[in-house]
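# any chance you can model this:
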Amino acid sequence: MIVAALLYLVVSYSTETRLTPGSNIHSSSLTDTVETSAREYTLVPDIRGRLNIDNSRNTYRPGDILNLKGNFKSIFIANLSGTAAKPIVIRNYRNTVVKIGEPNWNGGGYSSACEFSNCHYIRFGGQSDRSLLVINGSVQAAREAYHNLHIGNRTDNIEISFLTIMNGGNGIVAKTDPVKGDPGTVHPTLVIRNLLIHNVTVTGTKNEGMYIGHTATYWDHTVNQPYYGSPSNFTPGHDYVQPAKWENVKIYNNLVSNTGLDGIQAAAVDGLEIFHNEVTQWGTQRNPGHNGGILIGGRTTNTNTHDNHVHDGWGEFCQFYGSGENGATHIISNNLFTDNQGDGISMRGTDNAIVRITNNTIACTKGNSLRINGYTGMKGKQIVNANAFIAPNGGKGAHVRNYIYVEQGGDAEEGTGNEENKKFQTPLEARVNTAEYYRPQEGSSIGNAGYRRK
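Numbers count the residues shown, from 1 in each chain. Next comes the predicted model:
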């Protein structure tokens, strides 16, 4: 069933088929141009301000362009599929601003501003910049339950770009929840693939700015609750499953600010790259259990977190809970982490995960610069090379352990020579220009260590 107003029921054609990439665009098949002969539709809200599309009858086909025009209280799209060669593009109508969301929502139905269900090979965003497609969520007391952009129920092969998301509960949620009795919704039967999120602004959310992947290690259908312990401690007779994992997720060129909980949170992903993002003013709820600027969560394997700027927030800059299973590799490199109220990089991985922590500048933490905890099974030596650790412990009488703090069997191997970590009590001692991304000044002994803006 399609409930939508079609301004142009007759197919038109357009050559404006690209979502304009940013300067740091990452090559992917999902960013291929669609054909210039693509069919083009223009969709407006119904009389209630909503747009509901169920494409089970294939009204819209691979390569089509769906132009959104007007202000929508909500958009729900199900069973819409392009192909790798011909994704379906959903964008603002040319030279117009599209607004989606219901700021007055205070509970009940329509708890997502924009939702994709069982959709594949989709490109969604503004035509040229972030101001042309705006999702504005709830600002009411119940906003915690409101999702601005929900990518769920097997949806994959999707690119999100060039839009602004504000208010609401969660900015972007991208995961498939397990359905009792349906093995097609859980690991390992279901693998959801290829998620790109770039050139997006997320601000003012009550919860996480981005919530990517399912955070539960297991789901107990019997009590309908997550379970994070060992299978050896399963309750006999209970029905446990593992949520589906993402494969190949790239999050880049985004600005995330003023989020109540974590800024960018990603879990249950194999092949995760987070880069060229700015995250600031996260953790405004002051919740010690949800306070990561960037969080590399449980069941993540083969991750690369690089060239991000995380600054001026309440919690920890970067939290790592990833897994070392099957020889997984992890990298945290060339990030600028400055000014927070907790530890800098906090590590609590599993399955003996080994992380290469290189060329980061971690400055002005209230706690330790780098904290490595082996309690959950990350016992190997972490590779810690050429980082600049500046002013831990609030810049007041830092002890040598405040630069790299190990506990509960955690360990680290520090580089030497050109890979030596540099440690300073204050930015003045480091001779860095804090107003220019901590660039070393003449006479600085920082050498090859630390972040360099590219």
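# which outside residues touch stretch 354-361?
Stretch 354-361 is contacted by residues 320, 322, 324, 329-338, 345, 347, 349, 370, 380-388, 390, 419, 432, 438, 448-452 when judged by CB atoms under 8 Å, 6 or more residues apart in numbering. (Glycine included, C-beta is placed from N, CA and C.)
# in helices only, show me these.
Per DSSP state H, helices hold no members of these.
# okay, residue 63 and residue 84: tell me how far apart.
11 Å (CB to CB, to the nearest Å).
# those two: which is more packed in?
With neighbours defined as other CB atoms under 10 Å, residue 63 and residue 84 compare such that residue 63 has more, 19 against 13.
# tell me the SS of the residue nearest to the more buried one when sequence neighbours are not counted?
Of all residues not flanking residue 63 in the chain, residue 86 sits nearest, at 3.6 Å (CB to CB, 6 or more residues apart in numbering). For residue 86, the assignment made with DSSP: H, G, I helix; E, B strand; the rest coil gives coil.
# low-confidence regions, this structure specifically.
1-36 (pLDDT under 70).
# one more time with 80, if that's ok
1-37 (pLDDT under 80).
# that one: helices as residue ranges?
Taking DSSP H, the helices of the chain run over residues 427-430.
# biggest strand in it, by residue count?
strand 191-203 (DSSP state E).
# alpha carbons of that strand, as CSV, please.
Extracted C-alpha coordinates of strand 191-203, given in CSV (Å, rounded to 0.1, in the frame of the first residue of the first chain):
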residue,chain,number,x,y,z
VAL,A,191,24.3,-10.4,8.2
ILE,A,192,23.4,-6.7,7.4
ARG,A,193,26.0,-5.1,5.1
ASN,A,194,27.3,-1.7,3.9
LEU,A,195,26.2,1.3,5.9
LEU,A,196,27.7,4.7,5.0
ILE,A,197,26.9,7.8,7.2
HIS,A,198,28.7,10.9,6.1
ASN,A,199,28.3,14.7,6.0
VAL,A,200,25.6,14.7,8.6
THR,A,201,25.1,17.0,11.5
VAL,A,202,23.5,15.5,14.7
THR,A,203,22.8,17.9,17.6
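# packing partners of that strand?
The helices and strands touching strand 191-203, judged by 3 or more CB pairs under 8 Å, 6 or more residues apart in numbering; DSSP states H and E, are strand 156-166, strand 170-174, strand 210-212, strand 245-252, strand 255-257.
# present these as JSON lines; the columns should include mean neighbour count and distance to residue 133.
Listed next are those as JSON lines, based on neighbours: other CB atoms under 10 Å; distance: least, CB to CB, whole Å:
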{"stretch": "strand 156-166", "mean neighbour count": "24", "distance to residue 133": "4"}
{"stretch": "strand 170-174", "mean neighbour count": "27", "distance to residue 133": "13"}
{"stretch": "strand 210-212", "mean neighbour count": "28", "distance to residue 133": "17"}
{"stretch": "strand 245-252", "mean neighbour count": "23", "distance to residue 133": "18"}
{"stretch": "strand 255-257", "mean neighbour count": "22", "distance to residue 133": "15"}
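# nearest to residue 270 among these would be which one?
strand 245-252 (5.0 Å; CB to CB).
# list the neighbouring strands of the closest one plus their orientation.
strand 191-203 (parallel), strand 269-275 (parallel) (DSSP bridges).
# please name whichever of these is nearest to residue 118.
Nearest to residue 118, of those and by CB to CB, is strand 191-203 at 10.8 Å.
# would you mark the buried spots in that closest one?
192, 194-203 (16 or more other CB atoms under 10 Å).
# and those residues, which is closest to residue 268?
residue 192 (9.5 Å).
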